[in-house]
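# okay, sequence plus prediction incoming.
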Amino acid sequence: MMLTQRQNAILQAIERQYTDTGQPVGSKVLATLLPVKVSSATIRNEMAELEEQGLISKEHSSSGRVPSTKGYRYYVDHLLDQQAVDASDVAIIQNSFGTNFHKIDEIVSQSADILSNLTSFTTFTLKPEQKDIRLSGFRLVPLGNHQVMAILVTDSGEVESQTFAIPPDMNTDELESVIRLINDQLAGLPLREVLQRLQQDIPMRVMHYMHSPNGVLDIFDNILSHASSERFFVGGRMNLLGFSHNNDPRVLQALYGLLDKNENLADFLDPQNDDVNVLIGNEISNKLLKDFSLITATYDVDQYGKGIIAVLGPTRMPYSRTIGIVSAFRQELARQLLEYYHRYYDQ
């Protein structure tokens with residue numbers, strides 16, 4: 001679909017004005033916004049044409065128009081003015097990250113909050129991919145009273161721990177033997193392979209040490225699944241309330257439920273490529289989000305992998321500024337993480 005230069009200017013002006021004010025835009029206002037002087041009658045004719053093409057629509061009884069989902073898509077694809085990021089936004093991005101982090105998770109978690117504060121929308125961050133992380137080893141620490149703490153250490157320095165109850169008839173010598181066996185067989189392998197082996201041949205070997213290995217292997221299975229799962233950090237959850245069109249409590253509850261389940265998030269927060277991606281309305285692969293827009297991007301931390309950042313907001317979002325912030329933000333987050341890795345792992 002190709003529009004004339006004037007139609008492009010009108011659609012662009014409607015989009016910007018509506019984004020700024022939230023009010024439908026009429027021909028009189030447009031006449032003051034357009035770069036070239038045009039009569040209100042001409043503007044009304046052009047608006048009728050844009051409406052026929054499904055790019056704008058009339059809202060209620062007012063004579064003003066608002067962009068449709070199709071209109072936003074056209075705007076993002078053809079009319080977006082890639083503004084340089086505001087210097088104050090850049091300063092906030094650079095100064096918001098502290099320096100006294102103890103874990104990658106802390107940096108990535110804080111980055112979701114910073115991004116949410118900058119955009120006023122709901123944000124998601126995923127730490128660099130876990131695909132090639134390998135198991136360094138398991139440890140079990142007896143806590144007394146039939147409680148043990150299972151600790152998993154990976155070659156990237158990540159530590160996962162969970163506390164479990166063990167059956168009263170199980171002695172710690174048996175457990176130690178199982179731990180030694182698992183470390184001998186599985187240390188150095190990628191976590192995904194460790195998970196497979198725990199389900200396939202390891203149970204048979206463990207039978208030498210105990211009659212029913214399942215309970216113990218469940219402990220490792222549990223902690224491994226947690227360590228190797230993708231975990232998104234969410235910033236600005238409450239912002240959803242501010243821009244959701246639907247005030248039905250059940251819909252809002254379902255939306256918040258969506259934010260709490262990482263497997264749901266992983267389904268729709270998957271950038272199609274390494275650019276900044278914009279999905280509008282039904283383009284997002286979750287029906288609950290048909291009134292929203294989603295901007296996703298990857299960030300690259302060299303040999304340590306790629307992570308994801310995303311912003312979920314209303315279709316009436318300032319696309320130019322938000323895309324600019326996401327672009328600048330992913331570079332700063334990658335830089336922060338690289339610095340962290342160099343500081344802790346390249347000693």
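Perfect, thanks for sending it.
# how about the helices in the chain?
Listed from the start of the chain, the chain has helices (DSSP state H) covering 5-21, 27-33, 40-52, 69-74, 87-96, 104-119, 172-186, 191-199, 202-206, 214-228, 239-243, 249-260, 262-268, 319-345.
# quick one: low-confidence parts of the chain?
Counting by pLDDT under 70, the chain contains low-confidence residues at 61-62, 82-84, 98-102, 129-132, 209-215, 228-230, 262-263, 344-347.
# ok, the residue most central in space within it - contacts?
Within the chain, the residue whose C-alpha comes closest to the C-alpha centroid is residue 124; the distance, by CA atoms, centre = their mean, is 3.1 Å. For residue 124, the set of contacting residues under the criterion of CB atoms under 8 Å, 6 or more residues apart in numbering consists of 112, 232-235, 265, 269, 308-312. For every residue, glycine as well, the C-beta is placed using N, CA and C.
# among the helices of the chain, which is nearest residue 281?
Minimum separation from residue 281 across those (CB to CB) falls at helix 69-74, 4.0 Å.
# how far does the closest one sit from its chain's centre?
On the basis of CA atoms, centre = their mean, to the nearest Å, helix 69-74 sits 23 Å off its chain's mean C-alpha point.
# who's in contact with that helix?
Identification of contacts with helix 69-74 by CB under 8 Å, 6+ apart yields 1, 3, 11, 14-15, 50, 54-56, 280-283, 293, 315, 319.
# repeat the analysis, applying 10 Å as the threshold.
Helix 69-74 is touched from outside by 1, 3, 8, 11-12, 14-15, 18-19, 50-51, 53-57, 65-68, 79, 278-283, 290-291, 293, 315-317, 319, with contacts defined as CB atoms under 10 Å, 6 or more residues apart in numbering.
# would you list the buried entries among the residues you listed?
3, 8, 11-12, 14-15, 18-19, 50, 55-56, 65-68, 79, 278-281, 291, 293, 315-317, 319 (16 or more other CB atoms under 10 Å).
# which one of the contacts of residue 124 is nearest residue 244?
Sorting those by how near they are to residue 244, with CB to CB, puts residue 312 at the top with 10.4 Å.
# so the closest one touches residue 294, yeah?
Yes - with contact defined as CB atoms under 10 Å, residue 312 reaches residue 294; the gap is 5.3 Å.
# of these two, who's got more company?
More neighbours sit around residue 312 than around the other of residue 312 and residue 294, counting by other CB atoms under 10 Å; the figures are 29 against 24.
# quick one: contacts for that one?
Applying CB under 10 Å, 6+ apart, we find residue 312 in contact with 116, 119, 121-124, 234, 236, 239-240, 243, 255, 258-259, 268-269, 279, 284, 289, 292-296.
# give me the nearest residue to it, chain neighbours excluded.
The spatial neighbour of residue 312 that comes closest, neighbours along the chain excluded (CB to CB, 6 or more residues apart in numbering), is residue 122 at 4.6 Å.
# what's around the one you found, how many residues?
Residue crowding around residue 122 was assessed by other CB under 10 Å; the count is 27.
# quick check: it touching residue 234?
Yes - with contacts counted by CB under 10 Å, residue 122 reaches residue 234, the gap being 6.9 Å.
# residues shared between the contacts of those two?
When CB under 10 Å, 6+ apart defines a contact, the residues bordering residue 122 and residue 234 alike are 112, 116, 240, 259, 310, 312.
# how close does the closest residue to the fourth one other than its chain neighbours get to residue 115?
Closest residue in space to residue 259, ignoring its immediate chain neighbours: residue 234 at 5.2 Å, by CB to CB, 6+ apart. Distance of residue 234 to residue 115, given as CB to CB, to the nearest Å: 11 Å.
# okay, and the common contacts of those two?
Here residue 234 and residue 115 share the contacting residues 122-125, 310, scored by CB under 10 Å, 6+ apart.
# now do the same contact list for residue 46.
With contact set as CB under 10 Å, 6+ apart, residue 46 has these partners: 3-4, 6-7, 9-11, 27, 30, 38.
# cool, and residue 245?
Listed by CB under 10 Å, 6+ apart, the contact set of residue 245 reads 251, 290-292, 314-316.
# redo that, cut-off 7 Å
By CB atoms under 7 Å, 6 or more residues apart in numbering, the residues touching residue 245 are residue 291.
# now it: phi and psi?
Main-chain torsions, residue 245, degrees, to the nearest 10: phi -70, psi -30.
# what separation do you get for it and residue 123?
Distance of residue 245 to residue 123, given as CB to CB: 20 Å.
# just residue 136 next, same as before
Counting by CB to CB, the separation of residue 136 from residue 123 is 32 Å.
# so which of these two has more stuff around it?
For the pair residue 136 and residue 123, the greater number of neighbours falls to residue 123 (29 against 16), based on other CB under 10 Å.
# so the more buried one touches residue 117, yeah?
No - applying CB atoms under 7 Å as the test, residue 123 and residue 117 come out as separate, 9.1 Å apart.
# quickly list the domain ranges of the chain.
The chain breaks down by automatic domain parsing into domains covering 5-79, 87-129+230-345, 135-228.
# stretch 219-228: which residues count as buried?
Residues 219-220, 223-224, 227-228 are the ones in stretch 219-228 that count as buried (16+ other CB under 10 Å).
# the residue nearest to residue 183 when sequence neighbours are not counted: how many residues sit nearby?
Leaving out its chain neighbours, the residue that sits closest to residue 183 by CB to CB, 6+ apart is residue 137, at 5.0 Å. Taking other CB under 10 Å as the criterion, the count of residues near residue 137 is 16.
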